[in-house]
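Trainee: Just need the structure, nothing else, for what follows:
(one chain, ligands or ions: 1)
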Amino acid sequence: MRKRVTKAIFPVAGLGTRFLPATKSVPKEIMTLVDRPLVQYAIDEARAAGIKEFIFITSRGKSALEDYFDNAPQLEAELRRKGKEDLLEILKSTNMDSGEIAYMRQHKPLGLGHAVWCARRFIANEPFAVILPDDVIAAEKPCLQQMVEAFDETGGNMVAAMDVPEAATKSYGILDIKEDMGRIVSTKGMVEKPAPGSAPSNLAVIGRYILTPTVLQKLNRKQAGAGGEIQLTDAIDAARADGEEVYGYRFQGQRFDCGSKAGFLQATVAFALARDDLRDDLWNYITDMVHADKAAQ
Ligand code: UTP
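Mentor: Got it, this is the predicted structure:
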């Protein structure tokens with residue numbers, strides 16, 4: 001019987017420089033898509049996949065994130081007093097139970113691989129998930145849940161994968177495909193941010209992973225890779241070179257790169273248009289703008 005995936009690591013220690021000056025004081029993961037911070041989408045996705053322990057890798061200046069997951073007794077009492085039961089329910093749904101969430105600091109931003117390694121003492125001999133909250137995925141069945149179901153069949157290591165245009169491969173970890181089985185591919189390598197023209201395929205890794213403890217052992221080497229950072233993809237590939245399987249999983253859904261301004265704005269529009277209370281107003285506004293723009297041409 002395969003071990004269940006019940007722990008997820010959320011690396012949120014990056015500097016978020018693409019959102020300066022906002023990220024001078026607001027952690028990127030607290031920025032809101034419509035009315036929920038990015039991190040709430042990540043937590044909801046993890047819960048749907050059966051995750052019971054949530055491990056955050058944080059850094060200096062991220063205390064707003066810890067506050068967000070705390071109970072807010074004063075606010076709750078005030079909403080109760082005013083009879084705002086609907087808002088009270090929303091608020092309560094964001095509370096975390098004591099002991100189900102842990103925080104560990106990454107003292108230097110040495111890279112995603114290093115951030116994951118910082119969580120090593122929370123992980124025993126079991127598979128674990130890694131979720132990057134700035135990759136937001138709109139999907140009928142949440143992405144990590146799709147992956148956990150596939151992982152139940154395959155075991156090994158699994159990374160969420162997405163076909164990207166050739167010109168974009170230099171921005172991602174790219175899979176070297178052994179066998180393409182459609183939704184699942186087996187791999188014979190992966191390269192972090194390959195130089196233009198040298199990518200082994202167009203299949204890019206995005207921010208959802210199910211990994212074995214071997215990957216943490218490989219991270220012990222603290223070897224810097226692309227961009228001088230300790231890369232998670234290098235450690236996963238080292239586990240593969242040692243004989244473990246690494247699968248790419250082509251998830252169903254739309255991924256938004258909320259670590260970039262354009263991606264964040266697109267996600268904001270998409271998530272707002274999906275909301276009954278916002279769709280009509282926003283849609284009218286967008287169509288008015290398009291008509292005005294056409295008229296001006
Ligand atoms: P990014 O490459 O998006 O970096 O990290 P960043 O610092 O968040 O943002 P920019 O590029 O400066 O705008 C991808 C993920 O890895 C985490 C980030 O928090 C993000 O979730 N990360 C990155 C760490 O936790 N530690 C690191 O040292 C680097």
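Trainee: so who does Ala49 touch?
Mentor: The contact partners of Ala49, by C-beta atoms under 8 Å, 6 or more residues apart in numbering, come to Val5, Ala8, Ala129, Pro142, Leu144, Gln145, Met147, Val148. Using the backbone N, CA and C atoms, a C-beta is placed for each residue, glycine as well.
Trainee: same question but for Lys261, I mixed them up
Mentor: Arg18, Phe19.
Trainee: on that earlier part again, wait, which of the contacts of Ala49 is closest to Met158?
Mentor: Proximity of the contacts of Ala49 to Met158 was ranked by C-beta to C-beta; the top entry is Met147 with 5.6 Å.
Trainee: mind listing what's buried in the strand or helix carrying that closest one?
Mentor: Met147 is located in helix 143-154, with elements delineated by DSSP states H and E. Taking 16 or more other C-beta atoms under 10 Å as the basis for neighbour counts, the residues of helix 143-154 that come out buried are Cys143, Leu144, Gln145, Gln146, Met147, Val148, Ala150, Phe151, Thr154.
Trainee: Quick one: the contacts of Ala49 as a markdown table, columns for pLDDT and distance to Arg120 too.
Mentor: Compiled in a markdown table, the contacts of Ala49 are given as follows (pLDDT from 0 to 100; distance: C-beta to C-beta, whole Å):
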| residue | pLDDT | distance to Arg120 |
| --- | --- | --- |
| Val5 | 96 | 16 |
| Ala8 | 98 | 14 |
| Ala129 | 98 | 15 |
| Pro142 | 97 | 26 |
| Leu144 | 98 | 21 |
| Gln145 | 98 | 25 |
| Met147 | 98 | 22 |
| Val148 | 97 | 21 |
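Trainee: which residues sit against the helix holding Met147?
Mentor: With contacts defined as C-beta under 8 Å, 6+ apart, helix 143-154 is touched by 2, 5, 8, 45-46, 48-51, 127, 129, 131, 137, 139, 158, 160, 183-184, 208, 210, 245, 247, 249, 251-253, 255.
Trainee: do the helix or strand just after that helix and the ligand meet at all?
Mentor: Later in the chain than helix 143-154, the nearest helix or strand by DSSP H and E is strand 157-163. No: Strand 157-163 does not reach the ligand (C-beta under 6 Å from any ligand atom); its nearest approach is 13.7 Å.
Trainee: Hmm, Thr233 is touching Pro194, no?
Mentor: No: in this structure, Thr233 sits apart from Pro194 without contact. The criterion is C-beta atoms under 8 Å, and the distance is 10.7 Å.
Trainee: Same drill for these two, tell me which one is more crowded.
Mentor: When neighbours are counted by other C-beta atoms under 10 Å, Thr233 and Pro194 differ, and Thr233 comes out ahead with 24 against 19.
Trainee: Surely the more buried one is within a strand?
Mentor: No: looking at Thr233 with DSSP: H, G, I helix; E, B strand; the rest coil, it is helix, so not inside a strand.
Trainee: Skipping its backbone neighbours, what lies nearest it in space?
Mentor: Excluding the flanking residues, the one nearest Thr233 by C-beta to C-beta, 6 or more residues apart in numbering is Gly173, at 3.8 Å.
Trainee: burial count for that neighbour?
Mentor: Taking other C-beta under 10 Å as the definition, Gly173 ends up with a neighbour count of 24.
Trainee: gap between it and the ligand?
Mentor: The span separating Gly173 from the ligand equals 11 Å under the rule C-beta to the nearest ligand atom, to the nearest Å.
Trainee: you'd agree that residue is up against Val191?
Mentor: Yes: in this structure, Gly173 sits in contact with Val191. The criterion is C-beta under 8 Å, and the distance is 7.0 Å.
Trainee: Mutual contacts of those two, please.
Mentor: When C-beta under 8 Å, 6+ apart defines a contact, the residues bordering Gly173 and Val191 alike are Thr233.
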